[in-house]
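> Model the following, please.
(one chain, ligands or ions: 1)
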Amino acid sequence: MIPYKIYLSEDELPKQWYNVRADMKTKPAPILDPATGKPVTLEQLSGIFCTELAKQELDNDTPYIDIPGEILDFYKMYRPSPLVRAYFLEKALDTPAKIYYKFEGNNTSGSHKLNSAIAQAYYAKKQGLKGVTTETGAGQWGTALSMACAYFGLDCKVYMVKVSYEQKPFRREVMRTYGANVTPSPSDTTKVGREILAKFPGTTGSLGCAISEAVEAAVTSDGYKYVLGSVLAQVLQHQSVIGLEAMTACDKYDIKPDIIIGCAGGGSNLGGLIAPFMGRKLRGEADYRFIAVEPASCPSLTRGKYAYDFCDTGMVCPLQKMYTLGSGFMPSPNHAGGLRYHGMSSIISELYDEGLMEARSVEQTSVFDAATMFARIEGTLPAPESSHAIRVAIDEALRCKETGEEKTILFGLTGTGYFDMVAYQKYNDGEMSDYIPTDEELAKSLASLPNIG
Ligand SMILES: *Cc1c(COP(=O)(O)O)cnc(C)c1O
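A predicted model of the protein is given here:
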């Protein structure tokens, strides 16, 4: 029998990250300088990011990148993460499907984001920087980055979307406990923040706006660079540890996933989980179905456009070709479940556009139905983001029950939901509703796309 929890040994931990771009025939489109419309050079990108990370961002060809020893040591504090066989859930659903999940919530930050945070902090330290700046929405990325910065003795400046700053005081305090400096965004500490405040007085902020402030803070302070917790190719590469561990564990126990499911905000956990499996598919060695799950209230893959767009509201970051709803898109205020970024990783976007993976959007009440069911049956209280993947894993398992197929399903359980209890409270009080943007609303935010091939 397959154990309830498969833990690899320290020796079996991946020693290299995998860069799926190396196996893609059509590479993601190059990122462009918003001023000239030309591909960004390493010099330009190094103005914003640490040089080594800028190199990783532009590297479409190197398949395996050695994980530096200091990062491997840190990974050992909380990795390997378990691959769990959801026997209880299978039984409750009465499905012939076999369900596995890779659980990334076993660290204080409570999510997979630490896998990239520690890598980015390492390269910043190695470059001799004083510190890094970043944005955070719900707070998981900011928390992960403050842990990583504390480990390497770096200063950490976090611009936190104002509504979360006010509604998630505990996340804020975890960050401050790890020594981070947390500013609610938009703020009057940056030029772009002051402009946004003047244009939208009383705004509670957005991720795109916090990114603009963090980038400005980095490029205007000596010894600081900007770091980002999702969307970028380098982040997907760091997150490949999830997929590499999962694949080693699957191979060891002869588990052959048919369907691999991940929630998709900017695409980093999904990109990391599927990377090595996608590599096999791209090389013609195996076949899998990959499903990206996004909220119906922020449906970039299922209803967005594949086009060049700004990554931030202030339009200071390079342009990226991606599935996007337009950089001015803001999910409805009743959306509680995270995954609210307007765009999607250019790697995921290209794979999806080529038909190598599928996407599905789900409504938040059905996501919380799945979250609650999972918490009661499997014991772990999932993050709302992760619960999008749980929803579709359950749907696929129920389909197997109808057809009698014994499919093997693997999904990413990206984190725990202890800091998301306001959202659970809304659900428990029956006050959660679904909002799906109309075509007119999407057309409006898509109208702001820059006019580039
Ligand atoms: C940030 C986050 C996500 C979404 O980000 P991706 O980059 O799409 O992976 C999903 N789950 C959790 C728990 C998160 O913190």
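> Going by C-alpha atoms from here, please, whenever you check contacts or count neighbours.
Noted.
> separation between K76 and N106?
12 Å (CA to CA, to the nearest Å).
> Between these two, point out the one with more neighbours.
N106 (17 against 12; other CA atoms under 10 Å).
> I'd like to know how many residues surround the closest residue in space to the more buried one that isn't next to it in sequence.
Spatial nearest neighbour of N106, excluding adjacent residues (CA to CA, 6 or more residues apart in numbering): Y78 at 6.6 Å. Residues lying near Y78 (other CA under 10 Å) number 15.
> Now do the contacts for the residue of the stretch 301-450 of the chain at minimum distance from the ligand.
Residue nearest to the ligand within the stretch 301-450 of the chain (CA to the nearest ligand atom): G415, separated by 4.0 Å. For G415, the contact set (CA atoms under 8 Å, 6 or more residues apart in numbering) comprises F103, E104, G105, N106, G110, S111, H112, P382, A383, S386.
> So what's the predicted local confidence for the first one?
Model confidence at F103, expressed as pLDDT, equals 98.
> you'd agree the residue nearest to N106 is up against N107?
Yes. Assessed by CA atoms under 8 Å, Y78 is found in contact with N107 at 6.1 Å.
> Would you mind listing what in this protein touches the ligand?
111, 140, 230, 264-270, 339, 383, 385-386, 414-415 (CA under 6 Å from any ligand atom).
> I'd like the distance between the residue nearest to N106 and the ligand.
Y78 sits 16 Å away from the ligand, going by CA to the nearest ligand atom, to the nearest Å.
> What residues does T62 make contact with?
By CA under 8 Å, 6+ apart, T62 lies in contact with N19, A22.
> Begin at 684 from now on, thanks
With the count now opening at 684, the last piece we talked about shows up as T745.
> pretty sure it is in a strand, no?
No. Going by DSSP: H, G, I helix; E, B strand; the rest coil, the assignment for T745 is coil, not a strand.
> Would you map the strands across the stretch 1034-1136 of the chain?
1041-1045, 1091-1096 (DSSP state E, counting those that start in this stretch).
> So which of those is the most surrounded?
strand 1091-1096 (a mean of 26; mean count of other CA atoms under 10 Å).
> next one: that one to chain centre, how far?
Averaging C-alpha positions (CA atoms, centre = their mean, to the nearest Å) puts strand 1091-1096 16 Å from its chain's average.
> Are there helices or strands packed against that strand, and which ones?
strand 781-786, strand 942-946, helix 951-965, helix 1067-1086 (3 or more CA pairs under 8 Å, 6 or more residues apart in numbering; DSSP states H and E).
> and those as CSV, adding mean neighbour count?
Below are those laid out as CSV (neighbours: other CA atoms under 10 Å):
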stretch, mean neighbour count
strand 781-786, 24
strand 942-946, 27
helix 951-965, 25
helix 1067-1086, 23
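> and these as JSON lines, adding distance to A1053?
Below are those laid out as JSON lines (distance: least, CA to CA, whole Å):
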{"stretch": "strand 781-786", "distance to A1053": "14"}
{"stretch": "strand 942-946", "distance to A1053": "13"}
{"stretch": "helix 951-965", "distance to A1053": "19"}
{"stretch": "helix 1067-1086", "distance to A1053": "5"}
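> Quick check: which of those is nearest to K1109?
Nearest to K1109 among the helices and strands packed on strand 1091-1096 is helix 1067-1086; the distance by CA to CA comes to 12.4 Å.
> Which residue ranges of the stretch 984-1133 of the chain form helices?
1029-1036, 1047-1061, 1067-1086, 1104-1111, 1122-1129 (DSSP state H, counting those that start in this stretch).
> In CSV: these, plus distance to A804.
Formatted as CSV, the helices of the stretch 984-1133 of the chain follow (distance: least, CA to CA, whole Å):
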stretch, distance to A804
helix 1029-1036, 23
helix 1047-1061, 32
helix 1067-1086, 24
helix 1104-1111, 29
helix 1122-1129, 34
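> got CSV for these, with distance to Y848 and mean pLDDT too?
Shown next, in CSV, are those (distance: least, CA to CA, whole Å; pLDDT from 0 to 100):
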stretch, distance to Y848, mean pLDDT
helix 1029-1036, 29, 98
helix 1047-1061, 22, 98
helix 1067-1086, 18, 98
helix 1104-1111, 13, 94
helix 1122-1129, 26, 96
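> Minimum distance to E977: which of those has it?
Closest among the helices of the stretch 984-1133 of the chain, using CA to CA: helix 1067-1086, at 6.8 Å.
> That closest one: how far from the chain's middle?
On CA atoms, centre = their mean, the centre of helix 1067-1086 falls 20 Å from the chain's centre.
> Pull the residues that contact the least confident helix or strand in the chain by mean pLDDT.
Ranked by mean pLDDT, DSSP states H and E, the helix or strand of the chain with the weakest confidence is helix 845-850, at a mean of 88. Contact partners of helix 845-850, identified using CA under 8 Å, 6+ apart, comprise G820, A821, G822, R855, P867, S868, P869, T887, G888, S889.
> most surrounded residue in those?
Once you tally neighbours by other CA under 10 Å, S868 ends up highest among the contacts of helix 845-850, having 33 neighbours.
> how much space between it and S1015?
18 Å.
> and what of V865?
25 Å.
> between these two, which one's more packed in?
In terms of neighbours (other CA under 10 Å), V865 is the more surrounded of V865 and S1015; the figures are 20 against 14.
> Which secondary structure state does that one sit in?
Classification of V865 by three-state DSSP places it in strand.
> hang on, the earlier thing: of the helices and strands packed on strand 1091-1096, which is nearest R859?
Using CA to CA, the helices and strands packed on strand 1091-1096 put helix 1067-1086 closest to R859, at 23.7 Å.
> contacts for that closest one?
Against helix 1067-1086 from outside (CA under 8 Å, 6+ apart): 773, 776-782, 944-946, 975-978, 1019-1022, 1045, 1049-1051, 1053-1054, 1057, 1089-1090, 1092-1098, 1100, 1103.
> Return it as CSV; C-alpha atoms alone will do.
Backbone C-alpha positions of helix 1067-1086 (Å, rounded to 0.1, in the frame of the first residue of the first chain) are rendered in CSV as follows:
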residue,chain,number,x,y,z
PRO,A,1067,-8.7,29.8,-0.2
GLU,A,1068,-6.2,30.0,-3.1
SER,A,1069,-5.3,26.3,-2.7
SER,A,1070,-9.0,25.4,-2.5
HIS,A,1071,-9.5,26.3,-6.1
ALA,A,1072,-7.4,23.3,-7.0
ILE,A,1073,-9.2,21.2,-4.4
ARG,A,1074,-12.5,22.1,-6.1
VAL,A,1075,-11.4,20.9,-9.5
ALA,A,1076,-9.7,17.8,-8.0
ILE,A,1077,-13.0,16.8,-6.4
ASP,A,1078,-14.9,17.6,-9.6
GLU,A,1079,-12.5,15.3,-11.6
ALA,A,1080,-12.8,12.6,-8.9
LEU,A,1081,-16.6,12.7,-9.1
ARG,A,1082,-16.4,12.5,-12.9
CYS,A,1083,-14.4,9.3,-12.4
LYS,A,1084,-17.1,8.0,-10.2
GLU,A,1085,-19.6,8.5,-13.0
THR,A,1086,-17.5,6.9,-15.7
